[in-house]
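Participant: Can you look at this prediction? I've put the sequence above it.
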Amino acid sequence: MAPAGAMFVQWPPTLHTPMTRISCPTVQTLDQILPDEPLLMMGAGPVPIPAPVAYANSLVINHLGPVMGRVLNQVKDMARYVFQTNTPYILGVAGPGSATMEMAMANLLEPGDRMLAVCNGYFSSRMADMARRVGAVVTEHVVEGTQCADPQTVLQQVRALQPKVITLVQGETSNTVWNRYLPEIARGASELGCLVVVDAVCTLSTMPLNMDDWGIDAVLTGGQKGLSSIPGVSLVAFSERAFAAIRQRRAPQTHWCLDAQLAYGFWSEGQYHYTAPTSGILALHEALRLVCLETLEGRFARHLSCSEALQAGIEGLGLSLFVDKTARLNSVVGIRLPDGVDSATLRLCMSAEHKVEISGSFGTPIVRIGQMGEQSRAHHLFRTLHALGSAMRRQGAAIDLPGGMSELERSLSGQP
Ligand SMILES: *Cc1c(COP(=O)(O)O)cnc(C)c1O
């Protein structure tokens, strides 16, 4: 008998509407989805990660406390070396490289602030989009074609417009253009009182970038490109001047996760912001430690010689590079597709038969091969160049495969 006061509960309950049941799906295992042999990731990112990075990424530790504190301190020290800055304002972000862009835009700009965006392509234009979303008044300085931004014209526009912030990209991954006059533009704009924001997502640790010396106020970067870490955990550095501007904001900060002052609380004062991506931070620690072991000079030299050898090999195949030498990015190489070669078919053949993945493009008739971090290794170059040449031949292109391979070898072995 039911105890006094207890109500009789009918089970299953009678509902007025039939109960919706979501049935359990049948899925494949990852082994069934992933290729039998992992693809060699030679596209525009993510890039292969070294074993210590992969191992660190498999660990989970407490996101607060003394062990995490020591890890964070080392990450900041190493990041200061890699960014070439003394700033205390090094912050990690749980998010893609674009989240560091968004952090910079959302913290440095208030509604109505003027911004000049130097737009070379897809990624540098993304900063203009983000700035408009936070209410800034954005002027775009569009650099046509595959030119790099010209310092005189840009600085003239800075004088005329007097923006609070100027944004530019060091290497425009989308069309493989290198803004070679970044130091001149950054220094000039900085002297004119502008906060200089630089997207170094694909270039950091692949070529020189001197944050303090060049007068840069925010450097944005991601994990999965030059640093050869995992995607989804990124680093940003703000100068003292930039952080002072952030502290003096009058408009409320509408982003909570991307609030730079809350992030600083975690990164420098042991305060809880959100549960930090501990595995990804450990991975980043290892990626930075490997940069320090190699030294920046060594790393730049490796990237330069590998990228130049790859370019020589590509030309040796009889193909042409998308950007003139003067504005050509070494971190991601753009290759013109010969007549009759279809980008998607080419890439499908390369990944199915040669287990090498490269990237297509955003509207331009090119394919792109990355030279970031672990991609810049001689043995990867031989495999990639061979895969590219063979797959193009498959589509009937006239390719000098032995010529390309021998150019690669010649250049790598330092012969003239
Ligand atoms: C890849 C890339 C980005 C975007 O990084 P995500 O991690 O995809 O957000 C931004 N800028 C440049 C130059 C890039 O190469």
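Facilitator: Nice, thanks for sending it over.

Participant: Residue 375 against residue 41, yeah?
Facilitator: Yes. Residue 375 lies in contact with residue 41 (Cβ atoms under 8 Å); the separation is 7.4 Å. The C-beta positions use only the backbone N, C-alpha and C, and glycine is treated the same way.

Participant: More neighbours: which of those two?
Facilitator: residue 375 (29 against 20; other Cβ atoms under 10 Å).

Participant: Quick check: nearest residue in space to residue 394, chain neighbours excluded?
Facilitator: The shortest distance from residue 394 to any non-neighbouring residue, by Cβ to Cβ, 6 or more residues apart in numbering, is to residue 349 (5.7 Å).

Participant: Spell out which residues of the chain are next to the ligand.
Facilitator: For the chain, the residues in contact with the ligand (Cβ under 6 Å from any ligand atom) are 45, 96-98, 123, 169, 171, 173, 199, 201-202, 222, 225.

Participant: now for these, which pair is the farthest apart?
Facilitator: 96 and 171 (16.6 Å; Cβ to Cβ).

Participant: Could you check which of the two has the larger neighbour count?
Facilitator: Higher neighbour count among residue 96 and residue 171: residue 171, with 31 against 17, using other Cβ under 10 Å.

Participant: now the strands for the stretch 51-200 of the chain?
Facilitator: For the stretch 51-200 of the chain, applying DSSP state E, counting those that start in this stretch gives strands covering 89-94, 114-119, 137-142, 165-169, 171-172, 177-178, 195-199.

Participant: Save those strands as CSV, and put in distance to residue 386 too.
Facilitator: Formatted as CSV, the strands of the stretch 51-200 of the chain follow (distance: least, Cβ to Cβ, whole Å):
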stretch, distance to residue 386
strand 89-94, 38
strand 114-119, 36
strand 137-142, 38
strand 165-169, 31
strand 171-172, 26
strand 177-178, 26
strand 195-199, 33
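
Participant: export those strands to TSV and tack on mean pLDDT?
Facilitator: As requested, those are arranged in TSV below (pLDDT from 0 to 100):
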stretch	mean pLDDT
strand 89-94	98
strand 114-119	98
strand 137-142	98
strand 165-169	98
strand 171-172	98
strand 177-178	98
strand 195-199	98
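
Participant: that older thread, return the member of the residues of the chain next to the ligand nearest to residue 111.
Facilitator: residue 98 (21.1 Å).

Participant: pretty sure that closest one is in contact with residue 126, am I right?
Facilitator: Yes. Counting by Cβ under 8 Å, residue 126 is a contact partner of residue 98 at 6.6 Å.

Participant: Between those two, which is the more surrounded one?
Facilitator: residue 126 (21 against 18).

Participant: what's the following helix or strand after the longest helix along the chain?
Facilitator: Ranked by residue count and defined by DSSP state H, the top helix of the chain is helix 296-316. Per DSSP states H and E, the first helix or strand lying C-terminal to helix 296-316 is strand 332-336.

Participant: low-confidence ranges in the protein?
Facilitator: 1-17 (pLDDT under 70).

Participant: mind giving me the domain ranges of it?
Facilitator: 40-45+295-413, 51-294 (automatic domain parsing).

Participant: closest one to residue 32 among those?
Facilitator: With Cβ to Cβ as the yardstick, what comes closest out of these is domain 40-45+295-413 (16.4 Å).

Participant: Check the separation of the first and last residues in the closest one.
Facilitator: 23 Å (Cα to Cα, to the nearest Å).

Participant: Report the beta-bridge partners for the residue in the stretch 301-416 of the chain that the ligand sits nearest to.
Facilitator: For the stretch 301-416 of the chain, the residue closest to the ligand is residue 332, as judged by Cβ to the nearest ligand atom, at 7.3 Å. Note on residue 332: beta-bridge partners by DSSP bridges are residue 370.

Participant: How about the one 4 residues further on?
Facilitator: With beta bridges defined as DSSP bridges, residue 336 has these partners: residue 366.

Participant: how many other residues sit next to it?
Facilitator: Neighbour tally, residue 336, other Cβ under 10 Å: 16.

Participant: next one: residue 80
Facilitator: For residue 80, using other Cβ under 10 Å, the count is 17.

Participant: How about residue 52?
Facilitator: Neighbours of residue 52 using other Cβ under 10 Å come to 15.

Participant: and the residue lying closest to it once chain neighbours are set aside, what is it in contact with?
Facilitator: Nearest-residue entry for residue 52: residue 286, 4.4 Å, with adjacent residues in sequence omitted and distances by Cβ to Cβ, 6+ apart. For residue 286, the contacting residues are 50, 52-53, 55-56, 229, by Cβ atoms under 8 Å, 6 or more residues apart in numbering.
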